[in-house]
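Generate coordinates for the sequence data below:
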Amino acid sequence: HSFEEAITLTGVGRFHYKLLLICGLVFMGVMVEIMGVSLIMNQMKCDLQPTLDQQGILASAGFLGVVLSSHAMGFLADTWGRVTTLRYALSLASICSIVSAFSVNIWMLIVFRFLTGFFISGGQACVFSLCGEFHGNGSRVRHVTLLSGFLCLAMVFAPAMAIGILPLRIETIILGMRFSSWRVLLLANVSVSLLALVGISTLPETPKYLLVQGRGDESMEILRTIFASNSGRDRSEYPVREVALESGGASLTDVHGFLDAVRLVWHQTVPLFYRSRLRHTLNICTIQFLIYFLAQGIFMWFPTILDELGTRNGEDTLLCGVLQGFDVNAKSADADLGCAVEVDTSTYQVMIIIGSSFVAIYLFFAYVIDYTGKKNLLMAWMSLTLICLVGLHYVEQFALVVIALTVVMAIGNCGGLVSTIAMEFYPTHINAMGMCFIMMVGRLGAVVGSNLLGRLLFASCENIFWAMLGLVALLCVLGYFLPE
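Got it, this is the predicted structure:
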């Protein structure tokens, strides 16, 4: 039997639902750890007194860690194993996150949030390979799309925890420092990664990875276990007796020195850019960069935009008319004067509403994707985004403006669809490397967008909205040329 036939005959059942939950917790852990810092920024100022520049560095530290380590994590996942890499990555990230909660100064917090991002990056792409390689063609796309929805679930979980914890008045002294509520929130956020770590410890390595590594007997044992778990029947009833071995896998056992390590990294990276894959790799990376650039750029400033629209007391006003009268530098300066003792939870409530909307969109994606196809669904949502961007030039009603902006931000959900396409495009022996590489490019887009797009909107709203319209049109064209 081929591997595809063997994994399909295991069926879809209890094992795969457990797998989806565990991989989802890993993905949630990545998002919660990275966005958690933005939720504590105002309260943290009271204890650590950071400068404006230090706050900017802290906000980017986790993203920077993810970007710098993504390549290494992809290499380790392809040579060391998906599950083994995730276990070590989550363990080290959890330790660094816990230590960061006990930071005595701003630079200690920056360093350990950077390290948390550096290690947690293994979770953002390895899970796609981990989840996808336990599925056959019939169920893979739906489950990987559902997995992407956990990213949005994190956008509900993190602000909900902030609403419950940050308003608490905690005056406890631990190790000579005031253990404020923002430190408790950082510790609470680690719970997701720790739960994911417990779950990962119960999973076997993927049978497809073992097959590529030439470990056919181990692969067969895992396939029998999956069959028994899903069907409730005895392992001996599994109808497959042998699976054809696949070639191309590299292993860390081949490394006997620094030059061997460099050579192995090179051999794992170069196949991404072979002539047969170069056009698709560059296309996927461009799409991921632009999607996260647009989505994160608007999401970063969405609460501010809502506040400005709210100051019009329900009057019908064009969005760009509101934004161009906004002084972003003056607002930033006001926000950085002193620390905030009282916690305004309205922004967190908005984030929960947005996250819930995105979860609903992902559920919709997961249950129509088998009928529409990945590329058709991707281009359909981008077309809807184009319509909403055009509408924002003419719509004045507050509710319609908010709905249209939410749909535009939801283009970030298309990143999950592109990841699904990429996961199926790259072969097993470079799959994790490919996923980590394109996710790294996507995170770069998020960093650039969050720092640039909002300020450009406030400076020249009309022109930037038309430019965004052009970028989404370009995304539609690029989406058409994605691999089948």
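
low-scoring stretches of the protein, by residue?
Along the chain, the parts satisfying pLDDT under 70 run over 125, 175-176, 245-265, 268, 310-316, 325-342.

the strands in it, which residues?
All strands of the chain, identified by DSSP state E, fall at 173-174, 177-178.

Out of these, which is closest to Thr116?
Between Thr116 and the strands of the chain, the tightest spacing by CB to CB is seen for strand 177-178, at 19.3 Å. Heads up, the C-betas are built off the backbone N, CA and C, glycines and all.

tell me the contacts of the closest residue to Ile200 other than its chain neighbours?
The shortest distance from Ile200 to any residue that is not its chain neighbour, by CB to CB, 6 or more residues apart in numbering, is 5.1 Å, and that residue is Leu86. The contact partners of Leu86, taken as CB atoms under 8 Å, 6 or more residues apart in numbering, are 26, 77, 122-123, 126-127, 130, 200.

Quick check: Leu86 vs Leu482, distance?
In this structure, Leu86 lies at 27 Å from Leu482, with CB to CB, to the nearest Å as the measure.

Can you get me a residue count around Met177?
13 (other CB atoms under 10 Å).

wouldn't it be in contact with Ala101 here?
No - the pair Met177 and Ala101 does not pass the contact test of CB atoms under 8 Å, sitting 10.3 Å apart.

Now do the helices in the stretch 201-350 of the chain.
Secondary structure of the stretch 201-350 of the chain by DSSP state H, counting those that start in this stretch: the helices cover 207-212, 216-231, 258-269, 275-310, 319-323, 328-335, 346-372.

Now do the last one and helix 275-310, the angle between them.
Translated: helix 346-372. Here helix 346-372 runs at an angle of 140 degrees relative to helix 275-310 (axes from the mean of the first three to the mean of the last three CA atoms, to 10 degrees).

list the helices and strands helix 346-372 packs on?
For helix 346-372, the contact count by 3 or more CB pairs under 8 Å, 6 or more residues apart in numbering; DSSP states H and E identifies helix 137-165, helix 275-310, helix 374-391, helix 398-409, helix 414-425 as packing neighbours.

Which of those helices has the highest mean neighbour count?
Here the criterion is mean neighbour count by mean count of other CB atoms under 10 Å, and of the helices and strands packed on helix 346-372 the winner is helix 414-425, at a mean of 23.

residue contacts, Ala59?
By CB under 8 Å, 6+ apart, the residues touching Ala59 are 37-38, 41.

Of all the helices of the stretch 201-350 of the chain, which one is nearest Thr51?
Taking those one by one with CB to CB, helix 328-335 is closest: 12.8 Å.

and stretch 57-69, which residues are buried?
57-67, 69 (16 or more other CB atoms under 10 Å).

coming back round to it: figure out which of the helices and strands packed on helix 346-372 is closest to Val343.
From these, taking CB to CB, the stretch that ends up closest is helix 137-165, at 8.1 Å.

what is the orientation angle of that closest one with helix 275-310?
Comparing the axes of helix 137-165 and helix 275-310 via the same axes, to 10 degrees yields an angle of 30 degrees.

tell me what helix 137-165 is packed against?
Using 3+ CB pairs under 8 Å, 6+ apart as the contact definition, the elements that helix 137-165 packs against are helix 3-8, helix 14-48, helix 122-132, helix 181-200, helix 346-372, helix 414-425.

Need the residues that contact the last one.
The reference is to helix 414-425. Applying CB under 8 Å, 6+ apart, the external contacts of helix 414-425 come out as 128-129, 132, 140-141, 144-145, 147-149, 151, 277, 280, 284, 287-288, 291-292, 295, 362, 365, 369, 374-375, 377-378, 381-382, 431, 434-435, 438-439, 442, 475, 482-483.

Thanks again, I'm all set now.
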